[in-house]
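Participant: sequence plus predicted model, see below.
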Amino acid sequence: MELNNSAFIKACYGRNDGTIPIWIMRQAGRYLPEYLEVRKQVSFTELCHSPDLITEVVRQPIARFGLDAAILFSDILTMLDPMGMKFDFPDGGPRIAEPISTPDDVDRLHDFDIGDKLSFVLEGIRKIKQTLPETPLIGFVGSPFTLSCYLIEGKGSKNFDKAKKFLHQYPDAAQKLSDLLSDVIARYLTAQIEAGADAVQVFGSWDGILSHDDFVRWSAAPINRIFDRLQSLKVPRILFVNNVSPYLDIINDMNCEVVGVDYRANLATVIKALDGKSVQGNLDPSVLFGTPQQVVSSAKKILDSVPNHNRLIFNLGHGIQPKTPIESVTALVEAVHAYRG
């Protein structure tokens, strides 16, 4: 199959006239028994560094559910290690060994050769494309601000107050950090595309904690520069901001084809606010813990609310949760594929 004629790629460009495509954020992961079997053998870090295992866990949900796109298995922090920031994944989430706390700390980060230091990611992409040649593959990164949050806080947080304070206490250093991250991200995504990624997604997982004005400077502006640098590569560019609703006026002017929508937002309202962009979303992942009938009903309610489905990619409004019932995922995928509005 020519991938440009796949439902996913056509929907990214607003020209899908067939079955509504669906993929699921974190679809390769902790809810799948076959993934858990792989994880019994290796640590999360070992898995992320093995092209063969990356390929296997990306393949698993496609084989089980018939999803319309695959997404690279990696972590948004992967690019920080060769920049000079060590981290690990103890229980409870990632931990940066020596977080940034002063302007001088920003100088500890440095540029690097992506083809050399992240060769295992790029080889993983090539192997995935060999294994799933008819399935569009999505590459991804974290946004500059989201990565800055982890670099400054050192771990996960509810509101990343340290990161927000750093922007205002040390704006020059914060800008230097953002510029460095943006450059590396743009080159990293370029390398992913050149290795075979058919689309790319930027995860602004924590960008939604910013004020409207700060979002313009610290989220939208650097992401737009990244997207500008990818434009000539002619692949769909997807932006996901967790808590997107306050920023729709800004995002409407951003240089991307698709906007991922979190579960807090009303999808029809977002579509109305965005001028000609495709949308991706936005079922609450918790709904999948209901009965299959409840899952189908919730999905149909979202689908019924959308006036035109040629720009719609169905997804969850955040990552799928551990222990999600497999039968609920099956029911969701089948319902979306069977839907006729």
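Facilitator: Happy to help now that I have it. Residues are numbered from 1 along each chain as shown.
Participant: ok, Gln231 to Asp275 distance?
Facilitator: 18 Å (Cβ to Cβ, to the nearest Å). To be clear about C-beta, it is placed using only N, CA and C from the backbone, and glycine gets the same treatment.
Participant: who's more crowded, these two?
Facilitator: Gln231 (11 against 8; other Cβ atoms under 10 Å).
Participant: next, the contact list for the nearest residue to the more buried one once chain neighbours are set aside, please.
Facilitator: The shortest distance from Gln231 to any non-neighbouring residue, by Cβ to Cβ, 6 or more residues apart in numbering, is to Asn255 (6.6 Å). Shown in contact with Asn255 (Cβ atoms under 8 Å, 6 or more residues apart in numbering): Asn224, Phe227, Asp228, Gln231, Arg237.
Participant: did I read that right, Asn255 in a strand?
Facilitator: No. Judged by DSSP: H, G, I helix; E, B strand; the rest coil, Asn255 forms no part of a strand; its state is coil.
Participant: ranges for the strands of the stretch 51-200 of the chain?
Facilitator: Remark: strands assigned in the stretch 51-200 of the chain by DSSP state E, counting those that start in this stretch are 70-71, 87-88, 95-96, 137-142, 199-204.
Participant: format the CA atom coordinates belonging to the last one as CSV.
Facilitator: The C-alpha coordinates for strand 199-204 follow below in CSV (Å, rounded to 0.1, in the frame of the first residue of the first chain):
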residue,chain,number,x,y,z
ALA,A,199,5.0,11.6,10.6
VAL,A,200,6.3,13.3,13.7
GLN,A,201,4.7,14.4,16.9
VAL,A,202,5.9,16.9,19.5
PHE,A,203,4.7,16.2,23.0
GLY,A,204,4.1,19.4,25.0
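Participant: tell me the strands beside that strand, with direction?
Facilitator: If you go by DSSP bridges, strand 199-204 pairs up with strand 137-142 (parallel), strand 237-241 (parallel).
Participant: tell me the mean pLDDT for it?
Facilitator: Mean pLDDT, computed over strand 199-204, is 98.
Participant: most distant residue from the centre of this structure?
Facilitator: Within the chain, the residue lying farthest from the chain centre (Cα atoms, centre = their mean) is Asp104, at 30.4 Å.
Participant: and it, how close does it get to Val296?
Facilitator: Taking Cβ to Cβ, one finds Asp104 at 55 Å from Val296.
Participant: just Asn4 next, same as before
Facilitator: As defined by Cβ to Cβ, Asn4 lies at a distance of 31 Å from Val296.
Participant: check contacts around the spatially closest residue to Phe65 that is not a sequence neighbour.
Facilitator: Closest residue to Phe65 apart from its sequence neighbours, by Cβ to Cβ, 6+ apart: Val333 at 4.8 Å. Residues near Val333 by Cβ under 8 Å, 6+ apart: Ile22, Phe65, Gly66, Leu67.
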